[in-house]
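*Asks:* Below are the sequence and a predicted model; questions follow.
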Amino acid sequence: MNIGLIAHDSKKKLMQNFCIAYRGILSKHSLYATGTTGRLIEEVTNLNVHKYLAGHLGGGQQLCTDIEQNQLDLVIFLREPEVPKRVDPDSSPIVRDCDMHNIPLATNVATAELLIKALERGDLEWREMYK
């Protein structure tokens, strides 16, 4: 499965810790992340991550393109809920596109853990029908 990973600046350390904790599961899948998040994940986990541009340089849009083309099966977007819309215009399209294309999305670590455990159990195999 293809997993998209993105994290706002205030959540990048949490994303690193999440990926360390679930490295065993994540290593069995293809990982895609915005540039800085991907680099930080690689540094602490030694996992191979396909990196888009940094979020502020268009990485969020690249992630959305893969969502729209049904290339991602799961997205974990650890976002800061208090970030003003004018500061982070990329949040809404990612959430909207996941909803439109029926792609499971976690926006906090609690939901991310549920989805990763579901992935490990095989509960997301239905995504293969969409491809």
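*Replies:* Right, received. Where do you want to start?
*Asks:* what helix or strand does residue 6 sit in?
*Replies:* strand 2-7 (DSSP states H and E).
*Asks:* Just the CA trace of that strand, in PDB.
*Replies:* The C-alpha trace of strand 2-7 is given here as PDB (Å, rounded to 0.1, in the frame of the first residue of the first chain):
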ATOM      1  CA  ASN A   2       1.000   3.600  -0.600                       C
ATOM      2  CA  ILE A   3       1.000   5.800   2.500                       C
ATOM      3  CA  GLY A   4       1.100   9.600   2.400                       C
ATOM      4  CA  LEU A   5       2.700  11.300   5.400                       C
ATOM      5  CA  ILE A   6       2.600  15.000   6.100                       C
ATOM      6  CA  ALA A   7       3.000  17.100   9.200                       C
END
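*Asks:* Tell me how far that strand lies from the chain's centre.
*Replies:* The gap between where strand 2-7 is centred and where its chain is centred comes out at 2 Å by C-alpha atoms, centre = their mean, to the nearest Å.
*Asks:* Residue numbering should commence at 846 henceforth.
*Replies:* With 846 as the first residue, the last one maps to strand 847-852.
*Asks:* contacts for the next helix or strand after that strand?
*Replies:* Next helix or strand after strand 847-852 toward the C-terminus (DSSP H and E): helix 857-866. Helix 857-866 is contacted from outside by 850, 852, 871, 881-882, 885-886, 888-890, 892, 921, 923, 954, 957-958, using C-beta atoms under 8 Å, 6 or more residues apart in numbering. No exception for glycine: its C-beta is placed from N, CA and C like everyone else's.
*Asks:* Looking at the residues you listed, which two lie furthest apart in space?
*Replies:* 881 and 958 (22.6 Å; C-beta to C-beta).
*Asks:* Going by how many neighbours each has, rank the two and give me the top one.
*Replies:* residue 881 (19 against 15; other C-beta atoms under 10 Å).
*Asks:* what's the helix or strand containing the more buried one in contact with?
*Replies:* Using DSSP H and E, residue 881 sits in helix 880-890. For helix 880-890, contacts defined as C-beta under 8 Å, 6+ apart pick out 850-852, 857, 860-861, 864-865, 868, 871, 876-878, 892-900, 902, 904.
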